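Student: Show me the folded form of this:
(one chain, ligands or ions: 1)
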Amino acid sequence: MELLCDAHCHWQDPRLTEVLNDFCPVKHGIKHAMVNATSENDWTEVREIAARFPDIVTASYGLHPWKTTSASKNWITKLENELLANPHAHIGECGLDKWIQGHDLDLQKSLFTQQLSLAQKHQRVATIHCLKAWGSLREILSEYELPKGFLLHSYAGPRDWIPWFVEKGAYFSCSGYFFHDRKQASLNAFHDVPKDRLLLETDAPDMLLPQSMRPGSETANHPQNLRTIYEVATDIFKVTDEQLLRNYTTLFLE
Ligand SMILES: [Zn+2]
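Tutor: Next comes the predicted model:
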């Protein structure tokens, strides 16, 4: 029986077009997938993917912090319209990133907070990306109550801040990228995430698993790698597929 839920991925990415042509999620045990947009340019593709896999894919629309400079003048109206047209859609991928070269943190903060306000107003889940900007993220989140909760995808923030984020309504998703030896500390931090707030993700086509855990020498992370991520992570964190399905359902589908 298919139970696997991919809490964060980008099936609309051109690197997966060919793969998805004859992709049957159920065959790989995939029950649900949260497909995140990254900029206005891929909102149409995300909408199409959600229509193609109606029982599996839920769409998230948003502006990724790497794409902030490409935002059009009326992006926020377009985003709100997208949400109004899709009552089950959520918001993402949004957030803050001080790792990327040439970042403009003030601009990122402005676009991020506007997306959080929409999440608040329309009661949607916000999927948050954060790299090297944890202080700013915490500052911003302390000013928001997000009724539907939020996902910190590929969480690699301070381990001792996990309880604070939990208190604010956070869920945390672990990707297969953290199975690399050099990411041991980030992986271990997930031991502190309460079992009912834990999710797993591929971030396909990004966040490749270590070579030894995937079939070929491909450079794009295949959506089917979710099964390996589940096998490894459920063993490490002593959590069941059923619990992870409940967590996904509670956050994204209720
Ligand atoms: Zn992503």
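
Student: From now on I want contacts and neighbour counts done on CA atoms only, so please keep to that.
Tutor: OK.

Student: pLDDT below threshold where in this structure?
Tutor: Along the chain, the model assigns pLDDT under 70 to residues 1.

Student: in it, which residue is closest to the centre?
Tutor: Centrality entry for the chain: nearest residue to the mean C-alpha point is residue 8, 3.3 Å, by C-alpha atoms, centre = their mean.

Student: What's the separation between that one and residue 214?
Tutor: Relative to residue 214, residue 8 is positioned 19 Å away (C-alpha to C-alpha, to the nearest Å).

Student: Same question for residue 83.
Tutor: With distances taken as C-alpha to C-alpha, residue 83 is found 36 Å from residue 214.

Student: and if you look at residue 163?
Tutor: Going from residue 163 to residue 214 by C-alpha to C-alpha gives 33 Å.

Student: Next: residue 107.
Tutor: Separation of residue 107 from residue 214 (C-alpha to C-alpha): 38 Å.

Student: just the strands in the protein please.
Tutor: Listed in chain order, the strands of the chain (DSSP state E) span 4-9, 30-36, 57-61, 90-97, 126-131, 150-153, 170-175, 198-201.

Student: Now distance to residue 46 too, for those strands, in CSV please.
Tutor: As requested, the strands of the chain are exported to CSV (distance: least, C-alpha to C-alpha, whole Å):
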stretch, distance to residue 46
strand 4-9, 11
strand 30-36, 7
strand 57-61, 6
strand 90-97, 11
strand 126-131, 15
strand 150-153, 18
strand 170-175, 20
strand 198-201, 17
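
Student: do you know which of those lies nearest residue 253?
Tutor: strand 57-61 (8.5 Å; C-alpha to C-alpha).

Student: packing partners for that closest one?
Tutor: strand 30-36, helix 43-52, helix 75-85, strand 90-97 (3 or more C-alpha pairs under 8 Å, 6 or more residues apart in numbering; DSSP states H and E).

Student: Would you mind getting the angle between the longest one and helix 43-52?
Tutor: Pointing back at helix 75-85 there. 10 degrees (axes from the mean of the first three to the mean of the last three C-alpha atoms, to 10 degrees).

Student: which secondary structure elements does helix 75-85 contact?
Tutor: Using 3+ C-alpha pairs under 8 Å, 6+ apart as the contact test, the elements touching helix 75-85 are strand 57-61, helix 105-122.

Student: can you pull the contacts of residue 192?
Tutor: 159, 162 (C-alpha atoms under 8 Å, 6 or more residues apart in numbering).

Student: Over to residue 197?
Tutor: The neighbours of residue 197, taking C-alpha under 8 Å, 6+ apart as the test, are 166, 170-172, 247.

Student: And residue 86, how far from residue 22?
Tutor: For residue 86 relative to residue 22 (C-alpha to C-alpha), the value is 26 Å.

Student: So between those two, which is more surrounded?
Tutor: Comparing residue 86 with residue 22 by other C-alpha atoms under 10 Å, the one with more neighbours is residue 86, at 14 against 8.

Student: Could I get the contacting residues of the residue lying closest to residue 137 once chain neighbours are set aside?
Tutor: The spatially closest residue to residue 137, leaving aside those adjacent along the chain, is residue 96, at 7.1 Å (C-alpha to C-alpha, 6 or more residues apart in numbering). Contact partners of residue 96, counting by C-alpha under 8 Å, 6+ apart, are 65, 105, 108-109, 112, 129-131, 133, 137.

Student: do residue 57 as well
Tutor: Taking C-alpha under 8 Å, 6+ apart as the criterion, residue 57 is in contact with 32-35, 49-50.
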